[in-house]
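Novice: Fold the following and give me the result.
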Amino acid sequence: MVPVYDHAAAAARVVAALDALSLPCVVVDDGSEARAAASLARLAVAGRVELVRHATNRGKGAAVISGLRRAAELGFTHALQIDADGQHDVAEAPTLLAAAAADPEAVVTGYPRYDASVPRGRYYGRYATHVWVWINTLSTRIVDSMCGFRVYPIAPVLALIAREPPGERMDFDIEILVRLDWAGLTIVNLPVSVRYPPGATSHFRLLRDNALISWMHTRLFFGMLARLPRLLGRQRPRRER
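Specialist: Below is the predicted model of the structure:
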């Protein structure tokens, strides 16, 4: 499952790499501009992807949710999420999928191993979210909640989304992992390579997305307080491989 917003060329390379691994692919076009949308449509016509379209940009989280729903309609039990901008090494997908096969009820999520291309501001800025996630789960079971390279068990994730709709933009990746941990799902953490390709464009909007993430952490903190006795009663070790 590849959520895409205007990263047409990079997304095509990601799709080609998934195709080389014989992995079926759902691409969600989250309101891309016309040229990028046409490029994604050509991939669908070529039979390489199942294309889901949003008429307007609704956010990464909304795109992932649409992709999960379409994967469920197609009969899949699990969905690999990977970003469209080429940050992740598709060759590592089989490792995540193997971990999911070994523990089908778990969420398998990557935590980044950066190369020299990572911007220092992003690298250190992530720690504010890491600390809040560790507070809101009363644990370090989630090593990195912001990495968009993961495998979801579809049914429990969609059930959770129906009960407690998460944020639909850049706050989604973080919030869904915290709520899945609260729901008792095992979180399996695997190291994954992350690089920042030259010329890559980020769709992170500094003011809007930081405000959404701050509000999300506030909601999760009070949600943690409401669950405090249960969370304290089920401390589990961190799962890393």
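Novice: what's the spacing between the closest residue to Val90 other than its chain neighbours and Ala10?
Specialist: Nearest non-adjacent residue to Val90, counting by Cβ to Cβ, 6 or more residues apart in numbering: Ala17, 3.7 Å away. For glycine as for every other residue, the C-beta is placed from the backbone atoms N, C-alpha and C. Distance from Ala17 to Ala10, counting by Cβ to Cβ, to the nearest Å: 11 Å.
Novice: Can you tell me what sits against the longest helix belonging to the chain?
Specialist: Counting residues, the longest helix in the chain under DSSP state H turns out to be helix 206-226. With contacts defined as Cβ atoms under 8 Å, 6 or more residues apart in numbering, helix 206-226 is touched by 129, 132, 135-138, 167, 169-171, 174-175, 178, 182, 231.
Novice: and that helix, C-alpha only, in PDB?
Specialist: In PDB, the C-alpha atoms belonging to helix 206-226 read as follows (Å, rounded to 0.1, in the frame of the first residue of the first chain):
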ATOM      1  CA  LEU A 206       5.400  23.100   9.700                       C
ATOM      2  CA  LEU A 207       2.600  25.100  11.400                       C
ATOM      3  CA  ARG A 208      -0.400  23.000  10.500                       C
ATOM      4  CA  ASP A 209       1.200  19.600  11.100                       C
ATOM      5  CA  ASN A 210       3.000  20.600  14.300                       C
ATOM      6  CA  ALA A 211      -0.300  22.000  15.600                       C
ATOM      7  CA  LEU A 212      -2.100  18.700  14.700                       C
ATOM      8  CA  ILE A 213       0.700  16.600  16.300                       C
ATOM      9  CA  SER A 214       0.700  18.700  19.500                       C
ATOM     10  CA  TRP A 215      -3.100  18.400  19.800                       C
ATOM     11  CA  MET A 216      -2.800  14.700  19.200                       C
ATOM     12  CA  HIS A 217      -0.200  14.300  22.000                       C
ATOM     13  CA  THR A 218      -2.500  16.200  24.300                       C
ATOM     14  CA  ARG A 219      -5.500  13.900  23.500                       C
ATOM     15  CA  LEU A 220      -3.300  10.900  23.900                       C
ATOM     16  CA  PHE A 221      -2.000  12.100  27.300                       C
ATOM     17  CA  PHE A 222      -5.500  12.400  28.700                       C
ATOM     18  CA  GLY A 223      -6.300   9.000  27.100                       C
ATOM     19  CA  MET A 224      -3.300   7.500  28.900                       C
ATOM     20  CA  LEU A 225      -4.500   8.900  32.200                       C
ATOM     21  CA  ALA A 226      -8.000   7.300  31.700                       C
END
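Novice: buried sites along it?
Specialist: For helix 206-226, a neighbour-count test (16 or more other Cβ atoms under 10 Å) marks 209, 212-213, 216-217, 219-220, 223-224 as buried.
Novice: got the contact list for the residue most central in space within the chain?
Specialist: Compute the mean C-alpha point of the chain, and by Cα atoms, centre = their mean the closest residue is Gly148, 3.4 Å away. Residues counted as contacts of Gly148 (Cβ under 8 Å, 6+ apart) are 60, 81-83, 87-88, 173.
Novice: Adding neighbour count, distance to Pro3 and pLDDT, write those out as JSON lines.
Specialist: Converted to JSON lines, these look like this (neighbours: other Cβ atoms under 10 Å; distance: Cβ to Cβ, whole Å; pLDDT from 0 to 100):
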{"residue": "Lys60", "neighbour count": "27", "distance to Pro3": "5", "pLDDT": "94"}
{"residue": "Gln81", "neighbour count": "23", "distance to Pro3": "8", "pLDDT": "98"}
{"residue": "Ile82", "neighbour count": "29", "distance to Pro3": "9", "pLDDT": "97"}
{"residue": "Asp83", "neighbour count": "20", "distance to Pro3": "8", "pLDDT": "93"}
{"residue": "Gln87", "neighbour count": "23", "distance to Pro3": "13", "pLDDT": "91"}
{"residue": "His88", "neighbour count": "24", "distance to Pro3": "13", "pLDDT": "94"}
{"residue": "Asp173", "neighbour count": "23", "distance to Pro3": "10", "pLDDT": "95"}
